[in-house]
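Asker: only geometry, no sequence info:
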C-alpha cells in the first residue's frame, strides 16, 4: 500500500475537488449524444428539420479595420413558427462562434466562457468556426419576442460581436 504524506494527500483532495467543480461547467457546454426534442426546447425555440426550412440566412463573422468584431447582418427578423437555416461563415482572422438564445441565457453562457475559456460545446443552437470555415444551424422559432446571437469567446462580445433576432406573430 502506498503511504502518502500530508502534502500529497492535500494535493490529491484539491485536484479531486477542482475536477468535480469543473465537470458541471463542461457538461453544461456539451450536449453530445443529444436529447429528445422536448429537452431541447428553449425560449428561442428548438432545432429544426432541414425539410421544414422556408428561408436561408447567411451570416458572416469578421473583424473590422477598427478592431471591432461583428456579425453581418447584425439584425434579423422572422415569423413565429418559421424554420430558418443559418449559413454562418467565419470570414475573420480569429476563431468565432455563433450562439443563438435569449439575452439572459447568452449572458449566463458568456460568464461560463469567461471562467472556462477552453470549454467546448456541441449545442444545436451554436457553432464554433475557425477562420475560413462555414457551418450551419437549422432552427425553428417557436416563440415570439426578442432574442440574440453572439460570439461568447472571451472579449468578442465586448468588441461588438452580437446581434438581434426579432420574432413576430
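Answerer: The structure has been received and is ready for your questions. In this text, all values refer to a predicted model and were calculated from it rather than measured experimentally.
Asker: Could you report the neighbour count for residue 108?
Answerer: 14 (other Cβ atoms under 10 Å). Backbone N, C-alpha and C define where each C-beta goes, glycine included.
Asker: just residue 63 next, same as before
Answerer: Other residues close to residue 63 by other Cβ under 10 Å number 19.
Asker: Any stretches of the chain with poor pLDDT?
Answerer: Within the chain, the ranges that satisfy pLDDT under 70 run 1-40.
Asker: what ranges do the strands span in this protein?
Answerer: Secondary structure of the chain (DSSP state E): strands at 46-47, 55-63, 69-72, 75-79, 83-90, 96-101, 126-129, 134-140, 145-150, 162-168.
Asker: With respect to residue 120, which of those lies nearest?
Answerer: Residue 120 sits nearest to strand 126-129 of all the strands of the chain, at 7.6 Å, using Cβ to Cβ.
Asker: what lines up beside that closest one in the sheet?
Answerer: strand 96-101 (antiparallel) (DSSP bridges).
Asker: Quick check: buried residues in the strand it pairs with?
Answerer: 96, 97, 98, 99, 100, 101 (16 or more other Cβ atoms under 10 Å).
Asker: Centre of the chain to that strand, how far?
Answerer: Counting by Cα atoms, centre = their mean, to the nearest Å, strand 96-101 is centred 4 Å from the centre of its parent chain.
Asker: report the angle between the axes of that strand and strand 145-150?
Answerer: Relative orientation of strand 96-101 and strand 145-150, computed by axes from the mean of the first three to the mean of the last three Cα atoms, to 10 degrees: 160 degrees.
Asker: Identify the residues contacting strand 96-101?
Answerer: Outside strand 96-101, the residues that touch it by Cβ atoms under 8 Å, 6 or more residues apart in numbering are 42-44, 59, 61, 69, 71, 86, 88, 90, 106, 109, 123, 125-129, 135, 137, 139, 147-153, 156, 161, 165.
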